[in-house]
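Colleague: give me coordinates for this.
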Amino acid sequence: MSAKVIVIIINWKKEKITKNCLLSLKNGNYKNFQVILIENRNYKSWNRFFKSVNIKGKTIYNNGNKGVAESRNIGIKRALNIKAKYIWFLDNDTLVDDRAITKMVRIMEKEKGVDILTSIITFSNKNIIWFAGGGFKYFFKYFLIFKNYYRKNLFNIYPNKGKLKKVDYLVGCSIFTRANVFKKIGFFDPDYSLYNLEDLDFCFRAKKRNLGIYIWGERLVRHLKISRKSNLFQDKISENFAFFMGRNQFIFANKNLKGLTKFFYTLSLYNIRLFWYLYLCDSWQAKLEYLKGLYQGTLWLFQKKSQT
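Modeller: This is a model prediction of the structure:
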């Protein structure tokens, strides 16, 4: 019998988009999967929808928006209780290829060193890369940056088609993982609240434990959220996102870095990164929210003890 896969999807006021994502899963050729849908608003028609389209699904209703990290954790606990072998975290604004689950399960079953996996993720235009793996890069031993490989390049020029490539981090848009990973490194950190960096934090901890993080060189997921204001490295930052973008960088530094690396990283948040992220903010209100996030992050930095 094929391995049980649990797909965890979060919905917050995007029912139509979420339904399209679920329908793309339904069209796949892998049958032993179940959806755990985390509903953060209180939309009551999911069970009827699952039944109408013949998807095996379970809806968990939160009392208000719990945010990405905590919502995923709720889904993880449920998945572990029902003995999932693999867990797939999938953003609701994605569409998946018919072969996606089958392909990733085959890789996991064959390659025992692969613990956390994704495929190439493209924009809704299938030929342009949205994500193809990321790296934690250190300059002069202490300056840490996050590198997003091949972003906005044509998939045609991607050099590792049909191959596994080891990377440092994946993004939460699509993370396929062995269920036992959470017994080794714990769950997503709810301190990150609503947006941003909970996925990098998760992968940073996994890398420290020498878990295998890989990307498969095939286009199996499309990300539908396209910003006309996006640039080569990163999408523009909206007003709703900006506060958490500013604050969560301090949380990441305090939990995962130490010594001079932590010092230079936090120092850069007040100069180099400050100007870059202000440039990325798509409005004056977003810039103001980002600065508020920096202020709250600074307070957080001095009020919390490092977990390193």
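Colleague: residue ranges with poor pLDDT in this structure?
Modeller: 194-195, 225-234, 304-308 (pLDDT under 70).
Colleague: which segments of it make up each domain?
Modeller: 5-223, 239-303 (automatic domain parsing).
Colleague: could you dump these to TSV with mean neighbour count?
Modeller: For the C-beta atoms, the positions are set from N, CA and C on the backbone; glycine is no exception. Below are these laid out as TSV (neighbours: other CB atoms under 10 Å):
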stretch	mean neighbour count
domain 5-223	18
domain 239-303	18
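Colleague: where do the strands of the chain begin and end?
Modeller: 5-11, 33-39, 57-61, 86-90, 94-96, 116-123, 129-131, 134-139, 143-148, 164-166, 174-178, 213-223 (DSSP state E).
Colleague: out of the ones you listed, nearest to Tyr277?
Modeller: When these are compared by CB to CB, strand 143-148 sits nearest Tyr277, at 12.6 Å.
Colleague: counting by contacts, list what that closest one packs against.
Modeller: Packing contacts for strand 143-148, counted by 3 or more CB pairs under 8 Å, 6 or more residues apart in numbering; DSSP states H and E, involve strand 134-139, helix 259-268.
Colleague: what's next to the shortest one, contact-wise?
Modeller: Contact partners of strand 134-139, identified using CB atoms under 8 Å, 6 or more residues apart in numbering, comprise 144-149, 167-171, 200, 204, 207, 261.
Colleague: give me the most central residue, the chain.
Modeller: Taking CA atoms, centre = their mean, the centroid of the chain lies closest to Gly172, which sits 0.9 Å from it.
Colleague: what separation is there between the nearest residue to that residue once chain neighbours are set aside and Arg247?
Modeller: Closest residue to Gly172 apart from its sequence neighbours, by CB to CB, 6 or more residues apart in numbering: Asp199 at 3.8 Å. Distance of Asp199 to Arg247, given as CB to CB, to the nearest Å: 16 Å.
Colleague: related to what we said a few turns ago, would you turn the helices and strands packed on strand 143-148 into JSON lines with distance to Thr118?
Modeller: Shown next, in JSON lines, are those (distance: least, CB to CB, whole Å):
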{"stretch": "strand 134-139", "distance to Thr118": "10"}
{"stretch": "helix 259-268", "distance to Thr118": "25"}
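Colleague: looking at those, which is closest to Ile157?
Modeller: For Ile157, the closest of the helices and strands packed on strand 143-148 is strand 134-139, at 18.2 Å, according to CB to CB.
Colleague: run the angle between the closest one and strand 213-223 for me.
Modeller: Interaxial angle, strand 134-139 versus strand 213-223 (axes from the mean of the first three to the mean of the last three CA atoms, to 10 degrees): 120 degrees.
Colleague: can you pull out the helices in the protein?
Modeller: Along the chain, the segments classed as helices by DSSP state H run 15-26, 46-53, 68-81, 100-110, 181-185, 198-208, 239-256, 259-268, 272-280, 284-303.
Colleague: with respect to Asn92, which of the ones you listed lies nearest?
Modeller: In terms of CB to CB, the element of the helices of the chain nearest to Asn92 is helix 15-26, at 4.1 Å.
Colleague: other residues contacting the closest one?
Modeller: So helix 15-26 is contacted by 7, 9, 11, 33, 35, 37, 43, 45, 49-50, 53-55, 57, 90-96, 101, 224 (CB under 8 Å, 6+ apart).
Colleague: circling back: now distance to Gly134 too, for the helices of the chain, in TSV please.
Modeller: Shown next, in TSV, are the helices of the chain (distance: least, CB to CB, whole Å):
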stretch	distance to Gly134
helix 15-26	23
helix 46-53	32
helix 68-81	17
helix 100-110	18
helix 181-185	18
helix 198-208	8
helix 239-256	14
helix 259-268	16
helix 272-280	17
helix 284-303	22
